[in-house]
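Enquirer: Sequence plus predicted model, see below.
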Amino acid sequence: MSNFLPINKKDMVERGWEQADFVYITGDAYVDHPSFGASIITRVLEAKGFRVAILSQPDWKNDADFVQFGRPRLGFLITGGNIDSMVAHYTVAKKKRSRDAYSPGGVIGKRPDRAVTVYSNTVKRIYPDVPVIIGGLEASLRRFAHYDYWDDCVKPSVLIESKADLLIFGMGENQIIEIAERLDKGEDISTIHDVKGTCYVVDVRETPYTGIECPSYDNVCSSKKEYAKAGRIQQDEQDHIRGKIIKQKHGKLMLVQNKPMPPLTTEELDWVYSLPYMRAYHSIYDSMGGVPGIEEVEFSITHNRGCFGACNFCSIAFHQGRYVTVRSKESILTEAKKLTEMPGFKGYIHDVGGPTANFRITSCEMQKDHGLCKGKKCLAPKPCKNLQVDHSEYLDILRDLRKLPKVKRVFIRSGIRYDYLLCDKNDAFFREMVKHHVSGQLKVAPEHCSAAVLDKMGKPHIEAYIEFSKRYFKYTDEVNKEQYLVPYLMSSHPGSTLNDAIDLALFLKKNHIRPEQVQDFYPTPGTISTTMYYTGLDPYTMQEVYVAKTPHEKALQRALLQYYNPKNQALVEEALKRAKRYDLIGDSKNCLIGRINTKRVKNNYTGEKKRRNKYEKR
């Protein structure tokens, strides 16, 4: 019998099951690895004595897959997968992707658009009286009325569109345990309205008296100012200590979000990561080329959760939370030893990280009793005066990992906050990271150089990156290594004007940085930056924010970041002329581009103008 959970009726019969307690439906291929949320939730339920069957990437165009396990005893659990199904399918330019890392062989199209809604509606049609609970990133980030970039409109809560009974937001281990145990005792799903970290829907006449009400669905659809107000309320109350119940009216229904579930303790995290994961994709995918999504994480270790960095464009704060919790050193070493015994292990632990790799403690002592500050950031634009910084425990763990038999190298590949690192007066971690834990190049995320843009991103100013890079290369030289620093950069983030993009291009030229890839800002549900993108307002000041929205505006900013690429010459020249920066066109060493063939530029510009007009008419 396979140690994977049952994926079909035959597997259930082999286990001697007549009925599953839960059928877990996911838009991803079945990978039993603790980097996959579906794996964690199903193993947690199994450890609590529940029978869980996995329905991975069902054919949503007919009912056969959805009925193969029969009626589950307690309910259906539904997730879109590790990432939002729309992000999995489409680029920021709204073009269909050619590859899905979470599908067998990387084949695209194995899940529907808006998978949570499609799966849930199908199940509710077939089994209208069986409880349906939705969760995972897609459900979590769409729990309120939200701007949908792909349809360019405001959509209602996914809980209402999906017709599900409950929505779990955030990291859902304790929520699902409580819900499962209450269902098992015979409690009706319609009465389970008090679990932290969940959302439910009631008739407006049954609205709870406590909490705070944000602007309604109708209001956020009709007024961008109201949308910005709602966005700020939703962000501000995502704290398990001081956060309030949030209510949002949808016509005659009231969406209610309970207070967030407290993050798992160290003991709870250790237990979760000790469960018997296969740490592999299911063998049915062998002939299909496996599941690419496991390649980066197969020999990686998650040591923490939560991120008090809370960049405005990142969904982690809204989903996982800002409060940092960690696993114990013993738990991490135990997992590392398991990795060394796996068949494909070649001596390299690829990452010991999390949302932010170098966070092992809360950002200050006050938040333990009072929660994280409302409307403020711990690190931006400058580190808070109450910030506590200590890398000693993380460094101790890394040192012990390096000593393990069969381990050649231990890398840090998930992001580090270099501004936090600079606040540490003890440079031991910085030096050892450079000496032992960089695999040729270290990727960090300054994102931009303009202070105005960085403020809208919730990021530190560029001076922190400059100081970090100086020390990074100094320490690299001292250990006689050839290592590089790869900066992540973002174009077209709200607040970034054409002049800001030009300033970034000049910064890159001055510092001899030539990024091979540039990420356009991607407006995904549930972030402060997406609120700015849609409304043109900063929800914390209600001041107007410039937003580059048309494909051509975005193309101009993106081209400037790769000004040196001959393919971008026409766009760069157009951008510079629009900004009246003729001083940057020519043969001077300070120029971004030389003078180019006027006829070719005109033809390129005319072609681009036609494409732009076609887009704007559409």
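Expert: On my side now, so go ahead.
Enquirer: where along the stretch 301-450 of the chain do the strands fall?
Expert: Assigned strands in the stretch 301-450 of the chain, in chain order: 304-305, 325-326, 348-349, 351-353, 409-410, 441-447 (criterion: DSSP state E, counting those that start in this stretch).
Enquirer: Redo these as JSON lines? Include distance to Val195 and mean neighbour count.
Expert: From N, CA and C alone the C-beta is placed, and that goes for glycine too. Putting the strands of the stretch 301-450 of the chain into JSON lines (distance: least, C-beta to C-beta, whole Å; neighbours: other C-beta atoms under 10 Å) gives the following:
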{"stretch": "strand 304-305", "distance to Val195": "20", "mean neighbour count": "22"}
{"stretch": "strand 325-326", "distance to Val195": "20", "mean neighbour count": "23"}
{"stretch": "strand 348-349", "distance to Val195": "36", "mean neighbour count": "20"}
{"stretch": "strand 351-353", "distance to Val195": "30", "mean neighbour count": "22"}
{"stretch": "strand 409-410", "distance to Val195": "39", "mean neighbour count": "20"}
{"stretch": "strand 441-447", "distance to Val195": "35", "mean neighbour count": "20"}
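Enquirer: Out of the ones you listed, flag the one nearest Val92.
Expert: Closest to Val92 of these, according to C-beta to C-beta: strand 441-447, at 15.0 Å.
Enquirer: For the helix or strand that the closest one is followed by, name the packing helices and strands.
Expert: Scanning the chain past strand 441-447 towards its C-terminal end, the next helix or strand to appear is helix 451-457 (assignment: DSSP states H and E). Packing partners of helix 451-457 (3 or more C-beta pairs under 8 Å, 6 or more residues apart in numbering; DSSP states H and E): strand 441-447, helix 528-535.
Enquirer: rank those by pLDDT, which is bottom?
Expert: Comparing mean pLDDT across these, the lowest value falls on strand 441-447: a mean of 94.
Enquirer: what lines up beside that strand in the sheet?
Expert: Strand partners for strand 441-447, identified by DSSP bridges, are recorded as strand 484-491 (parallel).
Enquirer: any idea how far His250 is from the residue lying closest to Ala145 once chain neighbours are set aside?
Expert: Counting by C-beta to C-beta, 6 or more residues apart in numbering, Ala145 lies nearest to Tyr217, which is 4.4 Å off, once chain neighbours are set aside. Here the distance between Tyr217 and His250 works out to 4 Å (C-beta to C-beta, to the nearest Å).
Enquirer: pretty sure Tyr418 contacts Lys443?
Expert: No. Counting by C-beta atoms under 8 Å, Tyr418 sits too far from Lys443 to count as a contact (10.9 Å).
Enquirer: Can you pull out the low-pLDDT segments for the stretch 351-500 of the chain?
Expert: Applying pLDDT under 70 to the stretch 351-500 of the chain flags no residue at all.
Enquirer: Could you do the chain as well?
Expert: Answering for the chain: the residues below the bar, that is pLDDT under 70, span 1, 596-618.
Enquirer: What segments of the stretch 151-300 of the chain are strands?
Expert: Across the stretch 151-300 of the chain, reading from the start of the chain, the strands by DSSP E, counting those that start in this stretch fall at 153-155, 166-168, 198-203, 212-213, 246-250, 253-257, 280-281, 300-302.
Enquirer: so what secondary structure elements neighbour the fourth one?
Expert: It stands for strand 212-213. Counting contacts by 3+ C-beta pairs under 8 Å, 6+ apart, the secondary-structure elements packed against strand 212-213 are strand 246-250.
Enquirer: so how far is the strand it packs on from its chain's centroid?
Expert: Once both centres are worked out by C-alpha atoms, centre = their mean, to the nearest Å, strand 246-250 turns out to sit 25 Å from its chain's centre.
Enquirer: What residues of stretch 490-497 count as buried?
Expert: When neighbours are counted by 16 or more other C-beta atoms under 10 Å, the buried residues of stretch 490-497 are found to be 490-497.
Enquirer: I'd say Cys325 and Glu267 touch.
Expert: Actually, residue 325 is Thr rather than Cys. No. With contact taken as C-beta under 8 Å, Thr325 and Glu267 are classed as non-touching, separated by 10.4 Å.
Enquirer: and Ala501, what helix or strand is that in?
Expert: In this assignment (DSSP H and E), Ala501 forms part of helix 498-510.
Enquirer: can you list contacts of the next helix or strand after that helix?
Expert: Sequence order places strand 519-520 as the next helix or strand after helix 498-510, per DSSP H and E. Strand 519-520 is touched from outside by 92-93, 488-492, 554, 558, with contacts defined as C-beta atoms under 8 Å, 6 or more residues apart in numbering.
Enquirer: partner strands of strand 519-520, parallel or antiparallel?
Expert: Neighbouring strands of strand 519-520 in its sheet, by DSSP bridges, are strand 484-491 (parallel).
Enquirer: between the strand it pairs with and helix 498-510, how many degrees?
Expert: Here strand 484-491 runs at an angle of 170 degrees relative to helix 498-510 (axes from the mean of the first three to the mean of the last three C-alpha atoms, to 10 degrees).
Enquirer: Convert the C-alpha atoms of strand 484-491 to CSV, please.
Expert: C-alpha atoms of strand 484-491 as CSV (Å, rounded to 0.1, in the frame of the first residue of the first chain):
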residue,chain,number,x,y,z
TYR,A,484,27.7,38.3,-7.3
LEU,A,485,24.7,40.3,-6.1
VAL,A,486,21.5,40.0,-8.1
PRO,A,487,19.0,42.8,-7.4
TYR,A,488,15.3,42.2,-8.0
LEU,A,489,13.8,45.2,-9.7
MET,A,490,10.2,46.1,-10.3
SER,A,491,8.8,48.4,-13.0
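Enquirer: that older thread, by contact count, what packs against the helix holding Ala501?
Expert: Counting contacts by 3+ C-beta pairs under 8 Å, 6+ apart, helix 498-510 packs against strand 484-491, helix 551-561, helix 569-578.
Enquirer: what do you get if the cut-off is 10 Å, keeping everything else the same?
Expert: For helix 498-510, the elements it packs on are strand 441-447, helix 451-457, helix 462-478, strand 484-491, helix 551-561, helix 569-578, judged by 3 or more C-beta pairs under 10 Å, 6 or more residues apart in numbering; DSSP states H and E.
Enquirer: Please tabulate the ones you listed in TSV and include distance to Lys377 as additional columns.
Expert: Listed next are those as TSV, based on distance: least, C-beta to C-beta, whole Å:
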stretch	distance to Lys377
strand 441-447	14
helix 451-457	10
helix 462-478	13
strand 484-491	17
helix 551-561	25
helix 569-578	31
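Enquirer: How about Leu333: what's its closest non-neighbour residue?
Expert: Per C-beta to C-beta, 6+ apart, closest to Leu333 is Asp400, 6.1 Å.
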